[in-house]
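Chemist: Provided below for reference: sequence and predicted model.
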Amino acid sequence: HGLSVLDWDDAAMSEPAVDVSNFLAHLRLLALQRLGRADALDDVSAAFAERSRRLDGALDPALLRFLGGAALLRLAGIHLPRERGEWLAERLLEQSELLLGS
């Protein structure tokens, strides 16, 4: 019912932990944006992380934390200039520090 475009320019096989951690970071972003609390979707995040670990036993929890912290840093920079950006960036940086400091 319309035109769809797939951009394969950045498509590549890479470390699965990058995708898992990026999705988890985006769940925290969504929780902050929509519900005002970083932990508002923790049950969804935990279920996704657990299922990911069951599907790929080689996922390294330390790597997931590191990549998740890095993803949150990137999201803080992206959202800083936007509406409510300072508030959101501060919360994202706090969440990043929690992951990177552990």
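Modeler: Received it, and whenever you're ready, just let me know what you need. Residues are numbered from 1 along each chain as shown.

Chemist: quick one: the closest residue to Gln33 other than its chain neighbours from Leu98, how far?
Modeler: Ranked by Cβ to Cβ, 6 or more residues apart in numbering and with sequence neighbours excluded, the top spatial neighbour of Gln33 is Leu88, at 6.9 Å. In short, each C-beta sits where N, CA and C put it, glycine included. From Leu88 over to Leu98 the distance is 16 Å, taken as Cβ to Cβ, to the nearest Å.

Chemist: looking at those two, which is more packed in?
Modeler: Neighbours per residue, other Cβ atoms under 10 Å: of Leu88 and Leu98, the larger number sits with Leu88, 19 against 14.

Chemist: outside of the helix or strand encompassing Glu90, which residues touch it?
Modeler: For Glu90, the host element (DSSP states H and E) is helix 85-100. Helix 85-100 is contacted by residues 28-29, 32-33, 38, 65-66, 68-70, 72-73, 75-77, 79-80, 82 when judged by Cβ atoms under 8 Å, 6 or more residues apart in numbering.

Chemist: one more time with 7 Å
Modeler: Residues outside helix 85-100 that contact it (Cβ atoms under 7 Å, 6 or more residues apart in numbering): 28-29, 32-33, 38, 65-66, 68-69, 72-73, 75-76, 79-80.

Chemist: could I get the buried residue list for that helix?
Modeler: For helix 85-100, burial by neighbour count (16 or more other Cβ atoms under 10 Å) applies to 88-89, 91-93, 95-96, 99.

Chemist: any idea of the mean pLDDT for that helix?
Modeler: Confidence for helix 85-100, expressed as mean pLDDT, is 97.

Chemist: which strands and helices sit next to the lengthiest helix in the chain?
Modeler: Assignment by DSSP state H gives helix 61-79 as the longest helix of the chain. Counting contacts by 3 or more Cβ pairs under 7 Å, 6 or more residues apart in numbering; DSSP states H and E, helix 61-79 packs against helix 16-30, helix 85-100.

Chemist: kind regards, and thank you for your time.
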